[in-house]
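> Sequence first, predicted model second:
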Amino acid sequence: MATNSIKLLAPDVHRNLAELVAKRLGLKLTNCKLKRDPSGEVSFSIGESVRDQDIFIVTQIGSGDVNDRVLELLIMINASKTASARRISAIIPNFPYARQDRKDKSRAPITAKLMADMLTTAGCDHVITMDLHASQIQGFFDVPVDNLYAEPSVVRYIKENINFKEAIIISPDAGGAKRAAALADRLDLNFALIHKERARANEVSRMVLVGDVSDKICIIVDDMADTCGTLAKAAEVLLENKAKSVIAIVTHGILSGKAIENINNSKLDRVVCTNTVPFEDKMLKCPKLDAIDISSVLAEAIRRLHNGESISYLFKNYPL
Amino acid sequence: MRKCKVFVGNSHPELGHLVCERLGIEAAPCTLKKFANGETSVQIGASVRDEDVYVIQSGSPEINDHIMELLILVSACRGGSAKKITAVLPQFPYSKQCKMKKHRGAITARMLANLLIMAGADHVVSMDLHASQMQGFFTKPVDNLYGGPSLGKWIKENVEDYRGAVVVSKNPGGTKRVTALADSLKINFAMIHTDRRRSKDLYSQNKDKLQLKQRKQSMLRKNKPIIKPGDFENEEENIILTNGIQTARVIKGHVVDDEYVDDTNPIESDVEGSIGTIGSFDAVDSEDDEEFDVQPEKLITLVGNVQGRTAIILDDMIDRPGSFISASEHMVKNCGAKEVVVVATHGIFTGDCLEQLEKSDDIHKIVVTNTYPISKERINNSKKLVVIDVSSIFAECIRRDHYGESISVLFDSLASL
């Protein structure tokens, strides 16, 4: 039997994460070409044989041309499939459309499910993602999904960069309470909760803090930050309640729309995102942004997946 | 209703017949029996050709038999050329297994969804799915009805001074459900968090004598049944507000005070936590697994204020009693709650759960809907249990679905009918 090896593929835009992963694994990215017609259609070709190889496609899908990125990914998967790859794994750290995961309003589409179906139909055999908005999305797929956690990386960042003995973990909404509680447990810290209250009939929504934050460094944790309006407001509420300083740590820093403006004008000390989403250009515009590199987690997951080892170690530990 | 048949499964005939009554029709005749070897046999006693078929089957203690029965019934209708088959599952079985709890765990709820679709269901109706994302497990449309409005209506009508009450989530995972109800009732909410790891650290911190003394004093005061009105009460209020968080120890599912020393179970149980459950917040799920046997000592924290108010613990189901009991003990004994009402959509009451809740002095009422069968005997024996009838919601849903009308009104305004 022919030995099969890892082939890393990446689209031509947002290659940074793929390159970091490749470096970690000591490999080169497979030579491939993505061409765009003037009409906007994408054509893709792989520059070397992938017959019977273990394909990993590393993508970074952020804000902006989400649909283009998705279609490129699907085309890449399909191209690998027709080129007789043995197995195709899509690495989508920030799963697009993850917020449309249920019928929250009547007649609303469940686009996350559609995404899952599209990936499977294109020929994807395995999906690796990180901090899914709802872990039930794992069940939307007909193929195995490994949902990695950014938590170990975040814990490491906090321990190295923040005087965490004086810190308290904050959840910016009720839905994220569980995530915050888990992180607080990991770090042996207390946690508090911010809720947008609509307690009284005529009152405009205001933010209510549940818990004591006085003289503490507040670490707001969430899985996703989009326009950062909520984060900025939360920071104000925390400082009004005598917090010492406020730091936000989010896994997926989508940072679309007015996000940079909002962060720059806010009272947040720092906003830390992982590099699941490309935001290098935004870091130049905003000195408050900081990044956590999670390429080592992905690289280790790829290595373990390829060698048929258990991935669950990575759920709790940061790979060296 | 023309060209419509409603079949009622064996899991919860009372609810099924209530729905039929509401619809003004007879349940379609069918024989559901078991062969001697345990296989289920289904015979449909009326033509279903080109008809709109509804099959009502809920969860039950003999869950697997009833799932099989449902699947066979659906498939029999499919074989009998029914035009459209709708499976009505008031309580969706296996809904707790809707994500990978442990590594290599099965997502059984999704498997059940696949089975239903394979058997031939065209539409699924359920109520308060454990996670609303479960709708995405199906390739066919799903209508997830809400029990919240019915429960909210009960609270408005039966809880004295409900405006002063507080809705409490007994774990961080359920906070969203709780805030939704709190918002619709326009009242406050609080949250309870139980954790395992910190017990030792926090208690060694608290050995600071002054702190311990203060804590003890505040606890003693809270324990007093009657608080005199006047400045004393104000002082009390201040303590709660500035702290915001109240912590106590839970040993074997019961709240104990600071000096309590458990001889049989030494506190050093931290090690097994790290071996037994490797995983992050989703893998080790404090929400659903009550591991009192494994973790004898835990730390319970209330975030929010329930002093002198009625606390309403809300969840989607009452399955096992442990966390409800410790939460209500903590709120009544340590945090000064006036009374505790436990409210949930699905009253599953595994084993002697209902009896244990009944025994707890700190729980004053248990309110559930009739989505899940509870035996008459149990209802009659319980003085605290209140069962709300939601058959009208399902009947209305079936009627609207049959006539092709919009169901969305059932989600809010009409749902409390």
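All right, it came through fine.
> use CA for all of it now, contacts and neighbours both
OK.
> Longest helix in the chain, please.
In the absence of a named chain, chain A is used. If you go by DSSP state H, chain A has its longest helix at helix A:66-82.
> you looked at the wrong chain, it should be chain B
The helix spanning the most residues in chain B, taking DSSP H as the definition, is helix B:63-79.
> burial measure for B:Asn158, as a count.
10 (other C-alpha atoms under 10 Å in any protein chain shown).
> Kindly report the same for A:Ala108.
When neighbours are defined as other C-alpha under 10 Å, A:Ala108 has 11 of them.
> which SS class is it?
Taking DSSP: H, G, I helix; E, B strand; the rest coil as the rule, one finds A:Ala108 in the coil state.
> got a list of what it touches?
Neighbour list for A:Ala108: A:Arg102 [criterion: C-alpha atoms under 8 Å, 6 or more residues apart in numbering or on different chains].
> ok, now how distant is the closest residue to B:Lys83 other than its chain neighbours from A:Phe95?
Using C-alpha to C-alpha, 6 or more residues apart in numbering or on different chains and skipping the chain neighbours, the partner closest in space to B:Lys83 is B:Asp50 (4.4 Å). Applying C-alpha to C-alpha, to the nearest Å, the value for B:Asp50 to A:Phe95 is 42 Å.
> The two - which one has more neighbours?
Comparing B:Asp50 with A:Phe95 by neighbour count (other C-alpha under 10 Å), the higher total belongs to A:Phe95, at 26 against 13.
> how about the residues of chain A near chain B?
Neighbours of chain B within chain A, by C-alpha under 8 Å from any C-alpha of the partner chain: A:101-104, A:106, A:110, A:112-113, A:134-140, A:149, A:151, A:174-175, A:177-179, A:181-183, A:185, A:188, A:192, A:197-201, A:210-212, A:312-313, A:315-316.
> one step back: tell me what the longest helix of chain B is packed against?
strand B:40-44, strand B:52-56, strand B:84-89, helix B:108-119 (3 or more C-alpha pairs under 8 Å, 6 or more residues apart in numbering or on different chains; DSSP states H and E).
> Looking at those, which is nearest to B:His12?
With C-alpha to C-alpha as the measure, strand B:52-56 is the member of these nearest B:His12 (8.3 Å).
> I figured B:Leu302 hits B:Ala190, correct?
Yes: using C-alpha atoms under 8 Å, B:Leu302 is in contact with B:Ala190, at 7.3 Å.
> what about the closest residue in space to A:Asp131 that isn't next to it in sequence, neighbour count?
Nearest non-adjacent residue to A:Asp131, counting by C-alpha to C-alpha, 6+ apart: A:Tyr149, 5.2 Å away. When neighbours are counted by other C-alpha under 10 Å, A:Tyr149 registers 25.
> if I pick A:Tyr149, what's in contact with it?
A:Met130, A:Asp131, A:Leu314, A:Phe315, A:Lys316, B:Ser280.
> Looking at B:Leu302 and B:Ala190, which has the bigger crowd around it?
Neighbour count, other C-alpha under 10 Å: between B:Leu302 and B:Ala190, B:Leu302 has more, with 27 against 24.
> any idea how far the more buried one lies from B:His330?
8 Å.
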